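*Asks:* Sharing a sequence plus its predicted fold:
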Amino acid sequence: MPTFDISNLLLDLDAEGAKGVRTFDPRLDGMPEPRSALRKRELQPIKKRVADFEKRYQEYQSSLKSISDDTFHPLRINEFDLFAAALLDAPDGHAISTFSKFNAKKPPSHARILDSVLDSNGIPHTVRNNTSDTIAYMLFRHRLLCRSQSTGFNDEGLFSAALSRCASFAEVDRLVTRITRTSEGCQILSRLSDELYTSLTIVPDAEPIQLLSLLNNLLLNFDRWGLHMSTELYELGIWTSLQRQAIIAAQQYLERRLELGHLDDKFIESLLENLLRNSISSTPFTSHEFQSNVPARLGTVFSLLTGYEPGKDQPTASLRSLVDRERSTAFNLYIGCLARLGAFRTIWHEWHTMDSGSQGLNIDRWQDSAFTGNSSLVTAILIALAENPSVKDLARSPAFAVATGKFQEDCQLDMITISQSAKILALPEKRLINFGFTPTHARQREQLYEIFKKKNIQEALPALQAFLNQTSSFS
């Protein structure tokens, strides 16, 4: 085996300065660690956690200061938030600490709101694992905010500015709920009713049931202090009530609204259109008992239309009193609603109310009025019968032709018919495509015209009964 020259395998560590040997460079060759280096490495994660804690603490304090400086901040902790947090301990409730895990599943709105309240008021996430600790911290923050309460709580300008900054219905609701706790706050809100209406109509997430609840509570608070609500808020109450099929509430809002003056004709038409398309036919959307009780719902619709209410001698607020018979659109919608309800006695009275109003005109104008009014009225009846052909089945009852000739008493008979035949009347409507004036329609129009123009209702109804029984189709 070859021998090795051992001198080639040795590194002379003292060769600095010799030829071919690089000068020592601490940046390249490194330096021995000081004894404190190991301790420094051990403390590094601890210092990071402390820095993160201090950062979060400053964020919490900054959020709290922002809330404290803004008298009307909608996310200030209130008693309802404490109550909501306490309810989370219920068997079917969610732990406060799990709110952030619900992003994909979308937690209940109250849970999302409470989560935002806790964040905005600087409630640390570390205490949210225990509801008792969370509530204790919330109480501390609440007392702190109460002590720092600004004297500007009754400042109308500050409230107006806060209202304009609300970006969601929940924020508007919290702000209104807070200010209505005092008479002074209610007075401010009463004066700013128009601004509140604007805020409620522009927020994108206002659910009708939540909006109606807010308006009802607002009206109760205003009544308590003898304050007024703007016409726009009353109209919003009417419209929202109809959206939720809360017909009695709509009628009550209408009565209050009429005390302030007449309604706009276009608004009346929109109400009638809503009733005709959404309040008579049953839909799968029946989340409330008053919506699924068909006889009660249709009875209240009839009451809202005509003002007739069982057991009352005087008529209540109704759309009948608002319909201008010279405006064919509103009147046709009104008659269409009555026809869909099978209220043919009431229709006969409306026909002859129109005729009696034309008797003072000269013969040419009377004929023109009768043609434009009653002719369109007949068309509205035919359309209603075509949308729900089952309405004609009402004529099979012997009681169909019973009438008194007195408006209130005949309304009562129509109300009985509606109650007994509610399921038929509430059948889904048949969408009409190109409902036109065919020869058949022209003949039916002429027959109905001759029937309803009879001066005696005891003659008109038997004729109408025979007509409906003999007619196989209106489409």
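*Replies:* Received the coordinates, thanks.

*Asks:* How is this protein divided into domains?
*Replies:* As assigned by automatic domain parsing, the chain contains the domains 60-149, 153-263, 292-470.

*Asks:* where in this structure is pLDDT low?
*Replies:* 1-18, 20-21, 89-109, 148-153, 284-291, 354-374, 433-437, 475 (pLDDT under 70).

*Asks:* Longest helix in it, by number of residues?
*Replies:* Longest helix of the chain, by residue count under DSSP state H: helix 37-69.

*Asks:* after it comes which helix or strand?
*Replies:* helix 79-87 (DSSP states H and E).

*Asks:* what separates the following helix or strand past that following helix from the chain centre, distance-wise?
*Replies:* Using DSSP H and E, the helix or strand that follows helix 79-87 in sequence is helix 109-120. Remark: helix 109-120 is offset 21 Å from the chain centroid, using C-alpha atoms, centre = their mean, to the nearest Å.

*Asks:* Then stretch 187-197?
*Replies:* 19 Å.

*Asks:* Just the buried positions in that stretch, please.
*Replies:* Gln187, Ile188, Leu189, Ser190, Leu192, Ser193, Leu196, Tyr197 (16 or more other C-beta atoms under 10 Å). Heads up, the C-betas are built off the backbone N, CA and C, glycines and all.

*Asks:* Just the CA coordinates for that stretch, please, in PDB.
*Replies:* Coordinates of each C-alpha in stretch 187-197 appear next as PDB, following Å, rounded to 0.1, in the frame of the first residue of the first chain:
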ATOM      1  CA  GLN A 187     -88.600  63.900  21.800                       C
ATOM      2  CA  ILE A 188     -85.400  64.000  19.800                       C
ATOM      3  CA  LEU A 189     -86.400  61.000  17.800                       C
ATOM      4  CA  SER A 190     -89.800  62.400  17.200                       C
ATOM      5  CA  ARG A 191     -88.300  65.600  15.700                       C
ATOM      6  CA  LEU A 192     -85.900  63.500  13.600                       C
ATOM      7  CA  SER A 193     -88.600  61.100  12.300                       C
ATOM      8  CA  ASP A 194     -87.900  61.900   8.700                       C
ATOM      9  CA  GLU A 195     -84.200  61.200   9.200                       C
ATOM     10  CA  LEU A 196     -85.000  57.900  10.900                       C
ATOM     11  CA  TYR A 197     -87.200  57.000   7.900                       C
END
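
*Asks:* Can you report how many residues lie near Val172?
*Replies:* Neighbourhood size, Val172 [other C-beta atoms under 10 Å]: 22.

*Asks:* which residues sit in contact with it?
*Replies:* Pro74, Leu163, Cys166, Leu196, Ser199, Leu200, Val203, Leu214 (C-beta atoms under 8 Å, 6 or more residues apart in numbering).

*Asks:* Not counting residues beside it along the chain, what's closest to Ser279?
*Replies:* The shortest distance from Ser279 to any non-neighbouring residue, by C-beta to C-beta, 6 or more residues apart in numbering, is to Val301 (5.3 Å).

*Asks:* And the one you found, which helix or strand is it part of?
*Replies:* Applying DSSP H and E, one finds Val301 within helix 294-306.

*Asks:* centre of the chain versus that helix, how much separation?
*Replies:* Worked out by C-alpha atoms, centre = their mean, helix 294-306 lies 22 Å from the chain centre.

*Asks:* Fine by me, we can end here.
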